[in-house]
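Asker: Provide a 3D model corresponding to the input given below.
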Amino acid sequence: MKKVLAFFGAFNPPTTAHLELADFSRKATGREGVIFVPSQAAYIRGFQQKNGAYSDAVRLEMLETLAKTRPWMRVCGWELGQETQPRSYVTLCHLREEGYEPSLLVGSDNLKAFSGWKYVPEIAREFGIVCLDRGQDSCREIIENDPVLKGLADYIEVPEIPGTWRNISSTAVRSRIRDAGDAEERFRALPPEIRHLAE
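Answerer: Below is the predicted model of the structure:
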């Protein structure tokens, strides 16, 4: 497996929709696999200001458990071992050094935030970007209306995804796990293999 998509995120927790979207994206773009790259819990709580982050060890175990039965899936825990949260470009360079040919997989919410990212032109030109519409967003409209992204449009792929996958929310899943009354309802959005880790 060389040509891959690098899927960065909190995966707090990883959901069935994350897996389905990743698998769909690799098939739609002709990649051999997807590498899931979980962010540091300290970054999730601090910079992203999200409460209720599972520990680094638990999220890594969740992803590695899921990868055991999915030949197309890999997990990179490299960021979790760094002193501070690395930039995505740095991690992509690390994956390249490991022998992969990675492209960045992001949702349109991240595409809209690219103005605050460092190394966007380098990421686009050196690795390529695959972007998925989320909610009511249109990646193509975001690219067209942003001068920097418009100049990088040749390096950005936008596969058409089914509407049912546009509203992935780990926040909603965590809320359901915390608040729902019966176990079936609480864990419905989680793959069965990791439900015991989310308790």
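
Asker: so for stretch 97-117, what gets flagged as buried?
Answerer: Y100, P102, S103, L104, L105, V106, G107, S108, N110, L111, K112, F114 (16 or more other Cβ atoms under 10 Å). In short, each C-beta sits where N, CA and C put it, glycine included.

Asker: which element, helix or strand, includes the second one?
Answerer: The one in question is P102. Per DSSP states H and E, P102 falls inside strand 101-107.

Asker: CA atoms only: put the helix or strand following that strand into PDB for me.
Answerer: In the C-terminal direction, the helix or strand that comes right after strand 101-107 (DSSP H and E) is helix 108-112. Extracted in PDB, the C-alpha atoms of helix 108-112 (Å, rounded to 0.1, in the frame of the first residue of the first chain):
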ATOM      1  CA  SER A 108     -15.300  21.200   3.700                       C
ATOM      2  CA  ASP A 109     -15.300  22.600   7.200                       C
ATOM      3  CA  ASN A 110     -11.500  22.300   7.200                       C
ATOM      4  CA  LEU A 111     -11.300  23.700   3.700                       C
ATOM      5  CA  LYS A 112     -13.000  26.800   4.900                       C
END
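
Asker: which helix or which strand is home to the nearest residue to A198 once chain neighbours are set aside?
Answerer: Among residues not flanking A198 along the chain, P13 sits closest, at 5.3 Å (Cβ to Cβ, 6 or more residues apart in numbering). Assigned by DSSP H and E, P13 belongs to neither a helix nor a strand.

Asker: surely P13 is in contact with E193?
Answerer: No: the pair formed by P13 and E193 falls short of the contact definition of Cβ atoms under 8 Å, at 11.6 Å.

Asker: between those two, which one's more packed in?
Answerer: Neighbours per residue (other Cβ atoms under 10 Å) separate P13 from E193, with P13 holding more: 24 against 12.

Asker: the helix ranked longest in the chain: which residues count as buried?
Answerer: Longest helix in the chain, counting residues (DSSP state H): helix 16-29. Neighbour-count burial for helix 16-29, with 16+ other Cβ under 10 Å as criterion, is recorded at A17, H18, L19, L21, A22, F24, S25, R26, T29.

Asker: swap in stretch 155-163?
Answerer: Y155, I156, E157, V158, I161.

Asker: leaving out the residues flanking it, which one is nearest to the last one?
Answerer: On the basis of Cβ to Cβ, 6+ apart, the spatially nearest residue to I161 that is not a chain neighbour turns out to be L132, at 5.4 Å.

Asker: I'm done for today, thanks for sticking with me.
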